[in-house]
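# the sequence and its predicted three-dimensional model are supplied below.
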Amino acid sequence: MAYCRNCGAPISDKAVICPRCGVAQSGSGESLNDSGSLGWGVLSFFLPIVGLILFLVWRQEKPKSARVSGIGALIGTGVNVLLSIGTLIFNVVLMAAAVSAVAV
Ligand SMILES: [Zn+2]
């Protein structure tokens, strides 16, 4: 059960317009689900692809959750890129050391 944002009368959760005063209850049902929970950010951090998809799907109807997912995906991607570059540099150094060891 929800309450009218204008007159406070108890109305259905799915009511678009209050039957008593006629004021539109726009987006009240959706904003309840749009918690912007940090869990989505954590999920997106570990699975940036999922975060990107959630961001694109939720952009319109759940802007808060979409933002948290997008930021999580962005940070997750950044960390992944940094780790990849670090691994690459490590491999190059290792390879150079191996080559010079063989050459000597
Ligand atoms: Zn009302």
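All right, it came through fine.
# mind listing what Gln25 touches?
The contact partners of Gln25, taken as Cβ atoms under 8 Å, 6 or more residues apart in numbering, are Ala2, Cys4, Arg5, Ile11, Ala15, Val16, Ile17, Cys18. In this view, the C-beta of every residue, glycine as well, is placed from N, C-alpha and C.
# near the ion too, which of those?
Cys4, Cys18 (Cβ under 5 Å from the ion).
# hmm, which of the contacts of Gln25 are the buried ones?
Neighbour counting by 16 or more other Cβ atoms under 10 Å classes Ala2, Cys4, Ile11, Ala15, Cys18 among those as buried.
# which ones among the contacts of Gln25 lie within helices?
Using DSSP state H, no member of these falls in helices.
# let's see which of the buried ones among the contacts of Gln25 end up in strands.
Ala2, Ile11 (DSSP state E).
# return the member of the buried ones among the contacts of Gln25 nearest to Ala73.
Among the buried ones among the contacts of Gln25, Ala2 lies closest to Ala73 (Cβ to Cβ), at 32.5 Å.
# skipping adjacent residues, who's closest to that closest one in space?
Asp13 (4.9 Å; Cβ to Cβ, 6 or more residues apart in numbering).
# can you give me the pLDDT of the one you found?
The model reports Asp13 with a pLDDT of 84.
# for the remainder of this discussion, apply numbering that starts at 222.
Okay, residue one is now 222; in that scheme the one you just asked about reads as Asp234.
# can you confirm it is in a helix?
No - judged by DSSP: H, G, I helix; E, B strand; the rest coil, Asp234 forms no part of a helix; its state is coil.
# may I see the buried ones among the contacts of Gln246 arranged in CSV, with distance to Trp261 as well?
Shown next, in CSV, are the buried ones among the contacts of Gln246 (distance: Cβ to Cβ, whole Å):
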residue, distance to Trp261
Ala223, 24
Cys225, 30
Ile232, 29
Ala236, 28
Cys239, 32
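# so which elements touch the longest helix along the chain?
Counting by DSSP H, the longest helix found in the chain is helix 284-324. Counting contacts by 3 or more Cβ pairs under 8 Å, 6 or more residues apart in numbering; DSSP states H and E, helix 284-324 is packed against helix 259-267, helix 269-279.
# could you check the angle that helix makes with helix 269-279?
Counting by axes from the mean of the first three to the mean of the last three Cα atoms, to 10 degrees, helix 284-324 points 160 degrees away from the direction of helix 269-279.
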